[in-house]
Each structure stands twice: as C-alpha cells, then as structure tokens.
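Student: coordinates for the following, if possible.
(2 chains, ligands or ions: 1)
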Amino acid sequence: MTMLEHRPTSPVPGWLPGATAPRTDPAPLLPDPSPVRMLGTDELKDQDPALLLDLYRRLVVGRRYNQQATTLTKQGRLAVYPSSTGQEACEVAAATVLRPGDWLFPSYRDTLAVVGRGVDPLEALTLLRGNAHTGYDPLATRTAPLCTPLATQAPHAVGLAHAARLAGDPVVALAMMGDGGTSEGDFHEALNFAAVLNAPVVFLVQNNGYAISVPLAKQSAAPTLAHKAVGYGMRGRLVDGNDVVAVHQVLAEAMEQARTGGGPTLVEALTYRLEAHTNADDATRYRGSDEVTAWQEHDPLVLMERRLRAMDLLDDATAAEASEAAETLAARMRAEFHAEPVLDPMSLFQHVYAHPTPQLLEQQHQLAAELAAEAER
Amino acid sequence: MTPTRTVTMAQALNTALRDAMREDASVHLLGEDVGRLGGVFRITDGLAAEFGEQRCLDTPLAEAGILGTAIGMAMYGLRPVVEMQFDAFAYPAMEQLVSHVAKMRNRTAGKLPLPITVRIPYGGGIGGVEHHSDSSEAYYAATPGLHVVTPATAADAYGLLRASIASDDPVVFLEPKRLYWSKADLDTTSAVEPIGRAVLRRPGRSAVLITYGPSLPVCLEAAEAAVAEGWDLAVLDLRSLVPFDDATVENVVRSVGRAVVVHESTGFGGTGAEIAARVSERCFHHLAAPVLRVTGFDIPYPAPMLEHHHLPGVDRILDAVAKLQWED
Ligand SMILES: Cc1ncc(C[n+]2csc(CCOP(=O)(O)OP(=O)(O)O)c2C)c(N)n1
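Tutor: Sure thing, here's the model as predicted:
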C-alpha cells in the first residue's frame, strides 16, 4: 500500500461526529522550500560522466536550435517561435528521463523536448512554420501534439497514464506546462484526477516568471507552484530549472515513483524566459533589462559548462564537437526552410473524419474545380 | 483631440473603452495581459495607466475564472468588460457563458441582469497557428440570452462597443482580428450605433451580398470586381447577429431579388444557414433564385499556409453570383 492510497480515517479529538480527519499527512507531500541543486554540490561526483556530457551536448545543440529558429522568424520563414532560450535545462531533462515506452505531453514552448524525444527537428516545427498542424507522427515517438490551449494536455496525460496502468504497462506520462498554465481549470482537474487515480504521471511546470506579460505574483498567491500538489494529495517538488542535472535527477525520481506505483508528482522548475514570449511580443513593455541580465548570469548552458570544465570532464575538443553538431543542425534548418514548402490544398479535406461526409466530398470537388480553373488561367 | 480623425479599428476600440471608463466608474476591464501590456493586440493600451490596475485588471490565466468573476462583479453592480485573448481560448469559459451569463436574467426573473461585454478577437486571415483563427459566432448566436455583435469598420467598432458596454444585457463582441489594422474616419461625437441594425454598404440591383465582420471587405472587393461582369451587387453589413435585423434584410432582398450570404466560418449549421432560412421564409415570392451561401469549408481551421484556400475569396463569391442567374 502506498502513501497515497486511501487509509481508514481515524477520529481526531474535537472533530465533529461524522466528519473525516485528513486522510494523508501533508508533511511528506510538501516541497522542500529550497530548490534542488546539483551543479554546485558534491552529489555531482556520483553522476555518470557519460550522462553529464550527454546533457551538456544537448544543451549546446538546443541553444543553437532556439537561436536558429528565432532567426528564421525574423526572416519570415517561420510564422512564430516561442523560444525556450534560458529554459533548455528543463527541455533537455524532460526528454532524457523518458523511456521509449513513455509518453510526452508538451506545450507550444517545448519543441526542444519534442526534438530530444527523437522527433525530427524540422518536422517538430511544421506547426510553427504554418504548413501543417502536427508535422510529426505522435505514435512513432510517443509524443503528443504540441499543445496550444493552455494546460488542456494535462488531463490527457492523466488519462493515458491511467489506461497504461490498467493495461499493466510500465508507462509514465510527462506533461509540461508553464507557470501561467497552472491557473487554468484543466490543470487543477488533471492534478486531482491524477492523485485520485494514483496515475503514473509527472507534471513539469516550467516557472519562467511570466505568462506573456503577467508576472508570477499576479498569477498565483501560493508559496510555490509546487505547493499546489499538496491540496490534491500528491507530492510537490521544487528544482533549480537552470541546473540540468538537478532537473534530470528530480524528474527521474518522480518518474521512477510513478512507474513503481507511487503515484503522481508535480515538479516546479524555477527558470527564466530570456527571450520575449514569442517573436510577436515586446518584452520591454513589462520587464526591465536588469532582470534579464541577472538571469543571464545563471544561464543553464554556462552553469553546466563551467562546472564540467572545473571537474575536468569537459575539454576543448568535446566542446568543439558539441558546437559542430549544433552548427550542422542549424545549417540543415536554414537549408530546409530556405525552400518553400510544397503543400497540397486538397489536404484540407484529409483526416477530418475517418470517412468524409458527402458534404465534405462536395466541397472537395468544389476546391478541385477552383484549382483547375486557376491553373488554366 | 479633434472629434474626427483617422484611426485603426484597434484604436477605435481603445478609444471606446477609454471613453466608457471615463464616463462610468462602474466599467471595469479584466482579462489576460490587458494591464501593463495593453493586450496582445493593444486594445487596452494605456488604460491601466489612466484608470489603475484594479479597473484594468490583469487576471490569472483562466478564462472560466475570468468570466465567472465578471458575473459576480456584475451581480454587485459593476459593468465588466472581459477580454478573451483569442477565439479558441474562450472555450474554457463556455460553461460560464452558456449556463450563467446567458441565462441569469431569465433564471432570476429579471432580478439579476448581467451587463457584461465579452470581447473576443475572432477569425482567420492573419497567419495564426492552430487555435488562433476560429470563428465561433454560430455557437454564441445559438445561445439565447446573448447579444452577438461584430463590427467591420473602425467607426462601428467604436459605436457598437460603446452600445455593448451600455447594454443591460450580456454582449459577445466579436472583433474581426484581421481588420484591427484597417483605417477609417471616426467621429466619436456622433458615433454610438444602437445594436441590431444592419447597414447597406453599397447599393446594387443585381443581387445582394449579405455579410458581416471579416468578410465585409472581401464582399466589397467582389462587388467592385463584379462591375466588369456587368453585375451591380449590393453589399449588406449585418453588424449584429443577435438581434437580427430582419426588416432591413427583407427590404434589400425584396428590392434586389437575389441574395448570397457570405461568411468565413464553416457553413454547416453556421449563421448563413439561419440567414438563408429567414430570407427564404420572408421573401420567397420576391426571390428569383435560391439564397446561396459562400462560407469556409466544414473543416477544422487549417494551417496558415493553406488558409487562403479555405477562406471565401472574391472568385468564390463571384461564382455564387453567377449561379444566381437561375434557370431551371
Ligand atoms: C486557454 C488559453 N488561454 C490563453 C492562451 C493564450 N496564451 C498563449 S501563451 C500564454 C501565456 C502562457 O504562459 P505560461 O503558462 O507561463 O507559459 P510560457 O509561455 O511562459 O512558457 C497565453 C495567455 C492560450 N494559449 N490558451
């Protein structure tokens, strides 16, 4: 029997007859108030060097991916890009803690996690480029579509995890959202369901300080977002979101708990969005550059690189290798986005239903006729 | 500031909010990013600075919470104006809108009217990705208890928003986001337009295009293009779906005898179906042809690079007009 399963209620002195005492001691669920950090600590020594270097490489490539995608928006080759620059540690860790059978439920800012999961880096961008909605096969990598309506993917993660558990499969679902997303009803309903069902699901909140222009203080009055877990009866954990090893560690523990029947966890990663919300946003309207500068000092990539060099784990050759891989990917992105995508207008009618309605077939013929007439002109 | 100036629709809406807030202290704005940022489309720009952050409130990110809170505020005598950031992000508030905003007056035998204005940028044509281009007017129009208003010009944006805020009934105020940057003259001294009146934007004798919101400029363009084909098309802008201006529509259709309803949202079960039915019922003997509809296809709103194939354009409208030369 796990901590979170229902316990017989014990009468508490002074309690009204018939009322129930708290079913779970909240203390073990409460997040430790100081965020978990690994990079500056002795614990880092116990980590597998191969893992550390892998995380580092992924940070380097992820940063370059973010930069190149942002440049593509400036050139008008990508419609919009919500950059995760500054948040790469969360993105990288989210991808690396998942096993092949697990599922990722990302939101629109999580392209890097999606790519880290094995989705082709260019296919991951079709939504943001504007040529298709979800450009990748969600089943091939067990990665749900990048989700735009906030927090609506969270209950999906719960349902999938629940179903997997019913099937006896050791599958964990990881749902990602931002600090703003935690205000939505869907987020709360997902947490409640997850806890009640003891579903093998992990929620990762990337608290990057803002929901577009709205700072966290106007979003939530909770001591931390991780505290929100406790009221639903699940563990909340707080981690330094710019410390890739710490995020990896905390998520890995939560995944393991979930996988072994220990129930869901809400992880709040404290991080910062170094760029604007998207290329369409003007961040100078709501935050000062001094704040951004302060966070630049705490850049996840710089932190990791400095640490690995101090430990003599990273040398110039390995660093050069990583940046070469990053440049190769960036060059591929430029080349691919240089060419206009080939689109088929008739694809509008595909996949609306398993079997198109007669009305849809009629409309399909209408468009075909229009296109034929256009071609003749 | 002179009363008449050239403004964008976005500026006209901003001026309407400012004027309403200056005149009536019970007008409060609330929504996501409406404060310091001035909204993602800048419709509330400068209002938090002028009226304070309480009257122009940046809320937590929760549409059901925003609208539900607005209901309570209205019950206590305020006149809330809610901003939903994008069409498809208003859906979490559907429960509050349908079950409470629309029904409260009726449920309480008139004791709790809700003078709430829900502003929703809607529609496509701006290259938005998934969930940023929905046309949801049919859902709202099918909900008794709500007014559904949609301006197509800067002047109407001002006048209709003023009227909506002043209305003692809830109004879903749909802002065609692709017209936010279109400019026109605005005279704020004479501009408050009562809700519920259609306006003839262009007279014509061959047929009438009945439209609203984002499709109005497309219809006007089609009417220009039709001149070369020898057709003289009238263009009627509904401005309000609920209440519906049957009288004006009837007058125009009777005098012209042929009608096409044009809107960009999907056709099946859409507002065009309602309009075509009303016109057929009322003007049957004056019609030389069935009322036709030109609408978006019955598909989820497509990716931006394909949206121009979905949205009704001039050619699709002219094709329909050609069909109106009905011979059985
Ligand atoms: C239901 C819903 N409401 C509004 C929006 C519009 N919107 C898109 S992103 C965003 C801010 C989200 O902030 P946060 O959850 O902190 O994530 P971040 O963008 O910072 O990663 C808003 C309001 C949306 N996508 N979905």
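
Student: can we go C-alpha only for contacts and neighbour counts from here?
Tutor: Fine.

Student: which SS state does residue 269 fall under?
Tutor: No chain in the question, so chain A it is. strand (DSSP: H, G, I helix; E, B strand; the rest coil).

Student: wrong one, chain B
Tutor: coil.

Student: mind listing what the residue nearest to the spatial centre of chain A touches?
Tutor: For chain A, the residue nearest the mean C-alpha position is A:Met176 (3.6 Å; CA atoms, centre = their mean). The contact partners of A:Met176, by CA atoms under 8 Å, 6 or more residues apart in numbering or on different chains, come to A:Leu104, A:Phe105, A:Pro106, A:Ser107, A:Asp110, A:Ala154, A:Phe203, A:Leu204, A:Val205, A:Gln206.

Student: which ones among these are found in strands?
Tutor: Residues of the contacts of A:Met176 located in strands (DSSP state E): A:Leu104, A:Phe105, A:Phe203, A:Leu204, A:Val205, A:Gln206.

Student: among these, who's most crowded?
Tutor: Neighbour counts for these (other CA atoms under 10 Å in any protein chain shown) peak at A:Phe203, which has 29 neighbours.

Student: if I pick that residue, what's in contact with it?
Tutor: Applying CA under 8 Å, 6+ apart, one finds that A:Phe203 lies in contact with A:Ala154, A:Leu174, A:Ala175, A:Met176, A:Met177, A:Pro264, A:Thr265, A:Leu266, A:Val267.

Student: give me phi/psi at B:Thr8?
Tutor: phi -80, psi 160 (degrees, to the nearest 10).

Student: distance of it relative to B:Ile120?
Tutor: To B:Ile120, B:Thr8 is 17 Å away according to CA to CA, to the nearest Å.

Student: which of the contacts of A:Phe203 lies closest to A:Ala319?
Tutor: Closest approach between these and A:Ala319, by CA to CA: A:Met176, at 29.3 Å.

Student: that's a strand at that closest one, yeah?
Tutor: Yes - counting by three-state DSSP, one finds A:Met176 located in a strand.

Student: roughly how far does it sit from A:Tyr232?
Tutor: Distance of A:Met176 to A:Tyr232, given as CA to CA: 18 Å.

Student: I'd say B:Leu306 and A:Ser347 touch.
Tutor: No - in this structure, B:Leu306 is not within contact of A:Ser347 by CA atoms under 8 Å, at 9.1 Å.

Student: how about the stretch 1-150 of chain B: which residue is closest to the ligand?
Tutor: Using CA to the nearest ligand atom, the closest approach of the stretch 1-150 of chain B to the ligand is made by B:Phe89 at 4.4 Å.

Student: residues touching residue 133, list them.
Tutor: I'll assume chain A. Taking CA under 8 Å, 6+ apart as the test, what A:His133 contacts is A:Thr126, A:Leu127, B:Val129, B:Glu130, B:Pro302, B:Ala303.

Student: hmm, no, I was thinking of chain B.
Tutor: Counted by CA under 8 Å, 6+ apart, B:Ser133 has contacts B:Phe86, B:Asp87, B:Ala88, B:Tyr122, B:Gly123, B:Gly124, B:Gly125, B:Ile126, B:Tyr301.

Student: which element is it on?
Tutor: B:Ser133 is part of no helix or strand, with elements assigned from DSSP states H and E.

Student: number of nearby residues for the nearest residue to B:Ser26 once chain neighbours are set aside?
Tutor: Leaving aside its chain neighbours, B:Ser26 sits nearest to B:Leu78 (4.7 Å; criterion: CA to CA, 6 or more residues apart in numbering or on different chains). Residues lying near B:Leu78 (other CA under 10 Å) number 19.

Student: got it, and the one 4 residues further on?
Tutor: Residue crowding around B:Val82 was assessed by other CA under 10 Å; the count is 26.

Student: more neighbours: which of B:Leu306 and A:Ser347?
Tutor: The neighbour comparison of B:Leu306 against A:Ser347 (other CA under 10 Å) goes to B:Leu306, with 20 against 13.

Student: that older thread, hang on, the residue of the stretch 1-150 of chain B closest to the ligand in a helix?
Tutor: Yes - counting by three-state DSSP, B:Phe89 is located in a helix.

Student: and A:Phe349, what does it touch?
Tutor: A:Pro356, A:Leu360, A:Gln364, B:Ile299.

Student: burial count for the first one?
Tutor: In this case it means A:Pro356. 14.

Student: wait, is it part of a strand?
Tutor: No - under three-state DSSP, A:Pro356 sits outside any strand and is assigned coil.

Student: what does the pLDDT read for residue 102?
Tutor: Answering for chain A, as no chain was given. In this model, A:Asp102 is scored at 98, pLDDT.

Student: wrong chain, I was asking about chain B
Tutor: Confidence at B:Ala102, expressed as pLDDT, is 98.

Student: let's verify the closest residue to A:Arg63 other than its chain neighbours: helix, strand, or coil?
Tutor: Excluding its sequence neighbours, the residue lying closest to A:Arg63 (CA to CA, 6+ apart) is A:Thr85, at 6.2 Å. Using three-state DSSP, the structure places A:Thr85 in coil.

Student: rewinding a little: now the buried members of the contacts of B:Ser133.
Tutor: B:Phe86, B:Asp87, B:Ala88, B:Tyr122, B:Gly123, B:Gly124, B:Gly125, B:Tyr301 (16 or more other CA atoms under 10 Å in any protein chain shown).

Student: hmm, back to that, out of the contacts of A:Phe349, flag the one nearest to the ligand.
Tutor: For those, the nearest to the ligand is B:Ile299 (20.9 Å; CA to the nearest ligand atom).

Student: so who does residue 211 touch?
Tutor: Going with chain A. By CA under 8 Å, 6+ apart, A:Ala211 lies in contact with A:Gly178, A:Asp179, A:Gly180, A:His277, B:Leu61.

Student: switch to chain B, that's the one I care about
Tutor: So B:Thr211 contacts B:Cys219, B:Val235, B:Leu236, B:Asp237, B:Leu238, B:Val261, B:Val262, B:His263 (CA under 8 Å, 6+ apart).

Student: tally of neighbours for the closest residue to A:Tyr286 other than its chain neighbours?
Tutor: Spatial nearest neighbour of A:Tyr286, chain neighbours left out: A:Ser213 (5.8 Å); criterion: CA to CA, 6+ apart. Neighbours of A:Ser213 under the rule other CA under 10 Å: 26.

Student: what sits against A:Ser213?
Tutor: Contacts of A:Ser213 by CA under 8 Å, 6+ apart are A:Ala283, A:Arg285, A:Tyr286, B:Asp33, B:Arg36, B:Leu37.

Student: which SS state does the fifth one fall under?
Tutor: The reference is to B:Arg36. coil.

Student: give me the domain ranges for chain B.
Tutor: B:4-187, B:199-322 (automatic domain parsing).

Student: any chance of those domains in CSV, plus distance to A:Ala317?
Tutor: Conversion of those to CSV gives the following (distance: least, CA to CA, whole Å):
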stretch, distance to A:Ala317
domain B:4-187, 41
domain B:199-322, 43
